[in-house]
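Peer 1: Sequence plus predicted model, see below.
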Amino acid sequence: MQEKGFSLIEVILVTMMIALLATVAQIGITVYLTESKTQVANSHLSILKAALRLYILDQGMPTTLSLPNDLVPQYLPELPFDPFASGELPYIIEIRVDPADGVDKIFVGSRGANGKVDYGGDDLYYYLQ
């Protein structure tokens, strides 16, 4: 009498193939999520740059910034949130020295894919004067 069913080897091979396909799918999804967050962050940073330029035209170059009071609601309806931050944290907007020329400028930046502010690396940022 011949028994019907799958052998242990067949079950393990099918499980390994499914795991491999799931891993490939997860890597692809992670890449697309990072790319979409980067596009959102670049759009938000462009909006923040425009609002800050209007602020500078109206008020002059600030010596300190107290956000959101300086930008909301006159220049922006609300501050956007950084898609790379854990939780709803706004973008980093501060006055700091631009390492390229040693001049105080307004730093507008996102935390980048690693979720940390390291003023470079994978951060997305601009300096405004």
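Peer 2: It's in.
Peer 1: Can you pull up the most central residue in the protein?
Peer 2: Centroid-nearest residue in the chain: Phe84, 3.5 Å away (criterion: Cα atoms, centre = their mean).
Peer 1: so it is in which element?
Peer 2: According to DSSP states H and E, Phe84 maps onto no helix or strand at all.
Peer 1: what about it, distance to Tyr55?
Peer 2: According to Cβ to Cβ, to the nearest Å, Phe84 and Tyr55 sit 24 Å apart. Bear in mind the C-beta positions are built from the backbone N, C-alpha and C, glycine included.
Peer 1: show me where this protein has helices.
Peer 2: 8-59 (DSSP state H).
Peer 1: where does it have low pLDDT?
Peer 2: Scanning the chain with the threshold set as pLDDT under 70 gives 1.
Peer 1: hmm, try it at 80
Peer 2: 1-3, 67-69, 119-121 (pLDDT under 80).
Peer 1: Kindly tell me how buried the spatially closest residue to Thr64 that is not a sequence neighbour is, as a neighbour count.
Peer 2: In space, and not counting its chain neighbours, Thr64 is closest to Ile95: 6.8 Å by Cβ to Cβ, 6 or more residues apart in numbering. Using other Cβ atoms under 10 Å as the criterion, Ile95 is surrounded by 14 other residues.
Peer 1: Was I right to think Ile95 contacts Val103?
Peer 2: No: between Ile95 and Val103 there is no contact under Cβ atoms under 8 Å: 10.7 Å.
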